[in-house]
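**Q** Sequence and predicted structure, then a few things I'm wondering about:
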Amino acid sequence: MSLLAGTSQRHQLQQAVRRQPGDFIAWVMLADAELEAGDLRAGEQAARRALQLRPHHPEALARLGRVAWMAGVHADAVQLLRQAAAAAPQHPGIALWLGHVLEDAGQPEEAARAYRRANTLQPDQPYIAAQRLAWQRRLCDWHEVDRLSGQVRAAVSAGQGAVEPFAFLSEDASAAEQLACARLRAQQLAGVRALPPASVRASGRLRIGFLSNGFAAHPTGLLTVALFEQLQHDPLLDVHLFALNADDGSRISQRLAASTTLHRVDGLRHAEVAARIRGTGIDILFDLRGWGGGGAPEVLAQRPAPLQVNWLAYPGTSGAPWIGVVLADAFVLPAAMEPHFSERVLRLPRAFQPSDTTRVLEPPPSRAECGLPAQGVVFCCFNNSYKLNAHSMGRAFAVLHGVPGSVLWLLSGPGNADQRLREAAAAAGLDPARLVFMAKLPHPQYLARYALADLFLDTHPYNAHTTASDALWAGCPVLTCPGATFASRVAGSLNHHLGMTHMNVTDDAAFIAHATELGNAPAALQAVRAELAQARADSSVFDMAGFARDLSALLQQLAGEHGWTRAVPH
């Protein structure tokens, strides 16, 4: 299966099928190229033409399945990829795509089987091994994950595998390895043709753009909406959002649209999105997705804005030559980590992560309604299941052993993830009933449940980010062990800027000891919660008006370095 085809290759394939309309291979390759360019209609036309030339051919069926997958028609995508896989049972690429569509179709265990099949067919292919590894982490299936992780890390270090950088954040890799991974992925877009160079405007209001697929009831929207509501009052900034996602009709979407100029660009080709950004005259463009999936690095690679910034959604370096700046803070990205970032590092004087400070906490349900015992300490960790690795869970199990009668409250995972965690607890000598699972809920209901939790036990190496902000806003202290990568320091940054540095510990032993000490001392736990309540009111972490001022000052400084002045043109 092809990787990203450059614009010139796409044009060459278009010419090839015009010259030889009966060339099946050329139509299949053109379908790939059109889909990589974000043109679903042209990709579907090419795939259907290939299928007309060779009915039931697995390569053509697979491309049509990919079209349906990208269009969000999951049932059709599964049907087409199953047909293709049945017709070509030895094809690892088709098995891989089948895994992708089964993921999105809500068939997680079947997706795992497809990924294992692809890995069995091509065991030395790092990308496929990484896909299997990432999905097993999501299912809390730790069988062979150490071997797979070693294989993927070795391939990245050798420059032999372009694996997804977001999934790589879950591996216990160094910041240098993460940079190598991101650079390998960015090299896949080397064929993307950049737009003609543009300059920052000389004067007048700066036009600031933000590109994301999360401008909805999504973690990105939840984190940024209150900040955008503050920025709309800034006389020197004109804020534009470019939404790769459809309007979900949520209150968050309504607030985002009301406080910014929101451009709906979902369904457009990458070149069309880049042209829209360039046509809007954006001076500084923030990538609010990065390698997180669902974004559009192909758009950023065209350099639609003169200055492009990596911020918030992807907790690591982009490794991309088209991103010039990363926005962070001094705790989450200390000076020692700078050599492992491809971007110039600019730092806010506060935690780099904003938050929606307009949220009102609903009254909590009863413990019984949540499946919690009537008595005993409630530890929680509502991180996504792929962060609940054997290391983090082993640490949490040790805390449960040290605090009699306590429970660990977790977010329910996909497939059989919950059962696997119960089995891991039993293997650690714990009653599996001491793990309590919460189904995914609307955000206000989820947030209200933090009132029933005594202490949030963070994960490593990928710790709580939006979830840490949620917990702290709702009054639940977060215990974390900051590491040596951006993704392992976000919760620590929030604690640091709250002034609660004693909740940042140095190693696993200190983590277990501190959590156990608090769990066995109700008065101490209550004191920490009271400290958090005061810090929430007094610190800079939840001050979005101040955040907006600091961000505006930083953007003015950056633009000033490129010729902009505060003068307003006549």
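**A** Thanks, I have the structure now.
**Q** in the chain, which spans are strands?
**A** Assigned by DSSP state E, the chain shows strands spanning 206-212, 237-243, 261-264, 284-287, 307-310, 325-329, 344-348, 378-381, 407-411, 435-438, 455-457, 478-479.
**Q** roughly how far out does the shortest one sit from the chain middle?
**A** In other words, strand 478-479. On the basis of C-alpha atoms, centre = their mean, to the nearest Å, strand 478-479 sits 21 Å off its chain's mean C-alpha point.
**Q** can I assume Pro123 is in contact with Ala129?
**A** Yes: assessed by C-beta atoms under 8 Å, Pro123 is found in contact with Ala129 at 7.3 Å. Every residue, glycine included, has its C-beta placed from N, CA and C.
**Q** neighbour count winner among these two?
**A** With neighbours defined as other C-beta atoms under 10 Å, Pro123 and Ala129 compare such that Ala129 has more, 25 against 13.
**Q** Can you read off the pLDDT for the more buried one?
**A** Listed pLDDT for Ala129 reads 96.
**Q** which residues touch it?
**A** By C-beta atoms under 8 Å, 6 or more residues apart in numbering, Ala129 lies in contact with 119, 123, 148, 151-152, 155.
**Q** now swap in Leu80 and tell me
**A** Counting by C-beta under 8 Å, 6+ apart, Leu80 has contacts 61-62, 64-65, 68.
**Q** shaky segments in this protein?
**A** 1-7, 567-570 (pLDDT under 70).
**Q** per-domain residue ranges of it.
**A** Listed domain ranges for the chain are 7-187, 206-357+546-560, 368-538 (source: automatic domain parsing).
**Q** Report how far apart the opening and closing residues of the second one are.
**A** Its first and final residues considered, domain 206-357+546-560 spans 10 Å by C-alpha to C-alpha, to the nearest Å.
**Q** neighbours around Arg19, how many?
**A** 8.
**Q** Just send the strands of the chain back as a markdown table, with distance to Phe24 too.
**A** Converted to a markdown table, the strands of the chain look like this (distance: least, C-beta to C-beta, whole Å):
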| stretch | distance to Phe24 |
| --- | --- |
| strand 206-212 | 37 |
| strand 237-243 | 37 |
| strand 261-264 | 37 |
| strand 284-287 | 38 |
| strand 307-310 | 40 |
| strand 325-329 | 45 |
| strand 344-348 | 48 |
| strand 378-381 | 51 |
| strand 407-411 | 47 |
| strand 435-438 | 49 |
| strand 455-457 | 55 |
| strand 478-479 | 56 |
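**Q** Tabulate the ones you listed (a markdown table), appending mean neighbour count and distance to Ala186.
**A** Below are the strands of the chain laid out as a markdown table (neighbours: other C-beta atoms under 10 Å; distance: least, C-beta to C-beta, whole Å):
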| stretch | mean neighbour count | distance to Ala186 |
| --- | --- | --- |
| strand 206-212 | 26 | 16 |
| strand 237-243 | 22 | 20 |
| strand 261-264 | 16 | 25 |
| strand 284-287 | 26 | 12 |
| strand 307-310 | 26 | 11 |
| strand 325-329 | 23 | 14 |
| strand 344-348 | 17 | 16 |
| strand 378-381 | 24 | 32 |
| strand 407-411 | 22 | 32 |
| strand 435-438 | 18 | 37 |
| strand 455-457 | 26 | 34 |
| strand 478-479 | 26 | 33 |
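**Q** wait, which of those strands is closest to Arg138?
**A** When the strands of the chain are compared by C-beta to C-beta, strand 407-411 sits nearest Arg138, at 12.0 Å.
**Q** who touches that closest one?
**A** 370, 372-373, 376-385, 388, 396, 399-400, 418, 421, 434-438, 440, 452-453, 457.
**Q** change it to 7 Å
**A** In this structure, residues lying in contact with strand 407-411 by C-beta atoms under 7 Å, 6 or more residues apart in numbering are 372-373, 376, 378-382, 396, 400, 421, 434-438, 440, 453.
**Q** Also stretch 356-367?
**A** Residues contacting stretch 356-367 (C-beta under 7 Å, 6+ apart): 222-223, 225-226, 374, 444-445, 447-449, 451-452, 473-474, 542, 544.
**Q** what's the span of that stretch from first residue to last?
**A** First-to-last residue span, stretch 356-367, C-alpha to C-alpha: 26 Å.
**Q** Report the separation between Ala453 and Ala424.
**A** Using C-beta to C-beta, to the nearest Å, Ala453 is found at 21 Å from Ala424.
**Q** Name the residue in these two with the higher neighbour count.
**A** Neighbours around Ala453 and Ala424, counted as other C-beta under 10 Å, are more numerous at Ala453. The numbers are 24 against 19.
**Q** mind listing what that one touches?
**A** So Ala453 contacts 378, 380, 409, 476 (C-beta under 7 Å, 6+ apart).
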